[in-house]
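**Q** sequence plus predicted model, see below.
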Number of protein chains: 2
Amino acid sequence: MTNTKSYNSYSSEDFANLEKRHRVHFINSLSGYKSANLIGTVNHNGDTNLSIVSSVVHLGADPALVAFINRPHAVERHTLDNILATSAYTINQVSADFFEDAHHTSARYPADVSEFDQTELTPYYTQFIAPYVEQSRIKMGVELREKIDLKINGTILVIGEIVEVLCAENLLQADGKLDLVAAGTVAVSGLDEYHTADSLGRLAYAKPKKT
Amino acid sequence: MTNTKSYNSYSSEDFANLEKRHRVHFINSLSGYKSANLIGTVNHNGDTNLSIVSSVVHLGADPALVAFINRPHAVERHTLDNILATSAYTINQVSADFFEDAHHTSARYPADVSEFDQTELTPYYTQFIAPYVEQSRIKMGVELREKIDLKINGTILVIGEIVEVLCAENLLQADGKLDLVAAGTVAVSGLDEYHTADSLGRLAYAKPKKT
C-alpha cells in the first residue's frame, strides 16, 4: 500500500495479499451504493423462498427489463432453482422499517424452510404465482427471459421482464418517477451496511454548454 | 391502473399505455437506489472522456471484478469506444460536492470534446493509462475482461478487472470496508435524482435461528 498525495493506493498485488474476508469487504465497497431488494419465489411444492439481493440493476424501460447477479454457490441458489422451475419471481424494495428482517433472509436455511416463517415479513399474492413481500412499498412481478452464465467467475446474470408493479399510493410523481425517499427505501454498501437516503434534488436533462 | 388495498397496481398493458418519458421515469425507479460513478477513458489521440453511469455493479472479489451496462445508443458510446480501443478505464465514485458536474457529463458532446474541459472536474493520473477524477474519494483502475452483447435489448454488459484502487485516507475501516458516508458518495434514483446517505449500521453475518 503506497500513499500517493492524500490517497492510499492499492495494486492487484496488494489485493492478493489481503486476508480473504478483508478483501471481500474492501472490493465490495468500491462500486458505490447498491440496491437492496428481496426476491420472492415459490417451487412446485408450494415452498416459498425469500432472499436479499444487492445486485439488481435496471436494464431497460421498453421492454421493461431488470437484471441481477446470482453468485455461484450462494443462499440464493434456492431462489435461482425456483426461478428456473417457475420462470416467475418478485423483486421487492427493502425499506428501513424491515431491513433487519430483510438481512436475515441471507441466513442459510434448508430449501423447505421459508424465510417468510423465520421473519416478520409476510407474503402477499396477486394472480402472479410468486409471492410479494407485503411490507415492501415498491414491488414488481418478473418473468424470466434469459440466464447468462458469466464464465469469468461463475456468477449468473438473470434477466427478467417486469410484468406487474405494485406500489404504495403517493409515491408516484407527476412525470412517472417514484419517490424512493418517501418509500423509505434503503441502499447497501459493502456486504452488511444499510443506509437511508436524503434527496439532493432532481437535475434537468443535461445539454452541452454553449461555447 | 387498479387500486388493490393500499397499492396501485400496474400491468404490462398499463406500461404500454404510458407516455414514453413517463414510462422511462417509472421503470427506472423500480430497481431501487443505483450507484453513481464517473467512467474515465482516453482514446489513441489522447482525447479524454468522462461519463456518468448508474449501472456499475460488484461482480466478485477474487478476482476483483466489476461490471456495468452500456446502453445501445448512449453518450457512453464514446466511453465504450475508448474502452475497446485501450482496454482501460477508471471508475470513480461521485460525491455530493461535485454531483452536478458529474451529471453534466451526460450531455451529448462530440468525441473530441473532453468533459474534463466542460466541468470543474480534473483528471488525475498514475501509471495507469486512463484518467481518474481527482475529486473522487474512491476510484479504481479497471482493465476490460469481457464484453457481452445482451441481445434482448441491445445493451452491453462490460466486465472488467480492478487492477488499482485509490482511496482517500481515513475511509478504510478495520475489516476492509470503506466508509461511503464519510466519502460523501451519492446514490441515484430514476434518471435524475441524487441522494446522500446516512447509515443504519452494519449487521452481523446472518445465521439461521435455532428452532
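**A** Received the coordinates, thanks.
**Q** and the strands in chain A?
**A** A:2-4, A:7-11, A:34-35, A:37-42, A:48-53, A:57-61, A:64-70, A:88-93, A:123-124, A:132-133, A:138-150, A:155-168, A:187-189, A:193-202 (DSSP state E).
**Q** redo the ones you listed as a markdown table? Include distance to chain B, mean pLDDT and mean neighbour count.
**A** For glycine as for every other residue, the C-beta is placed from the backbone atoms N, C-alpha and C. A markdown table is the format used below for those (distance: least, C-beta to the nearest C-beta, whole Å; pLDDT from 0 to 100; neighbours: other C-beta atoms under 10 Å in any protein chain shown):
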| stretch | distance to chain B | mean pLDDT | mean neighbour count |
| --- | --- | --- | --- |
| strand A:2-4 | 7 | 51 | 10 |
| strand A:7-11 | 4 | 92 | 18 |
| strand A:34-35 | 3 | 98 | 28 |
| strand A:37-42 | 6 | 98 | 27 |
| strand A:48-53 | 9 | 96 | 24 |
| strand A:57-61 | 4 | 97 | 24 |
| strand A:64-70 | 5 | 97 | 24 |
| strand A:88-93 | 5 | 98 | 26 |
| strand A:123-124 | 9 | 98 | 18 |
| strand A:132-133 | 9 | 98 | 26 |
| strand A:138-150 | 5 | 98 | 20 |
| strand A:155-168 | 4 | 97 | 22 |
| strand A:187-189 | 4 | 98 | 27 |
| strand A:193-202 | 4 | 98 | 18 |
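**Q** save these as a markdown table, and put in distance to residue A:23 too.
**A** A markdown table is the format used below for the strands of chain A (distance: least, C-beta to C-beta, whole Å):
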| stretch | distance to residue A:23 |
| --- | --- |
| strand A:2-4 | 18 |
| strand A:7-11 | 10 |
| strand A:34-35 | 18 |
| strand A:37-42 | 25 |
| strand A:48-53 | 21 |
| strand A:57-61 | 23 |
| strand A:64-70 | 18 |
| strand A:88-93 | 29 |
| strand A:123-124 | 37 |
| strand A:132-133 | 32 |
| strand A:138-150 | 20 |
| strand A:155-168 | 17 |
| strand A:187-189 | 16 |
| strand A:193-202 | 17 |
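**Q** what about the closest residue to residue A:153 other than its chain neighbours, distance to residue B:144?
**A** Spatial nearest neighbour of residue A:153, excluding adjacent residues (C-beta to C-beta, 6 or more residues apart in numbering or on different chains): residue B:60 at 4.3 Å. Distance of residue B:60 to residue B:144, computed by C-beta to C-beta, to the nearest Å: 16 Å.
**Q** residues contacting the residue nearest to residue A:36 when sequence neighbours are not counted?
**A** In space, and not counting its chain neighbours, residue A:36 is closest to residue A:94: 4.0 Å by C-beta to C-beta, 6+ apart. Residues in contact with residue A:94 (C-beta atoms under 8 Å, 6 or more residues apart in numbering or on different chains) are A:36-38, A:52, A:102, A:136, A:185-186, B:32.
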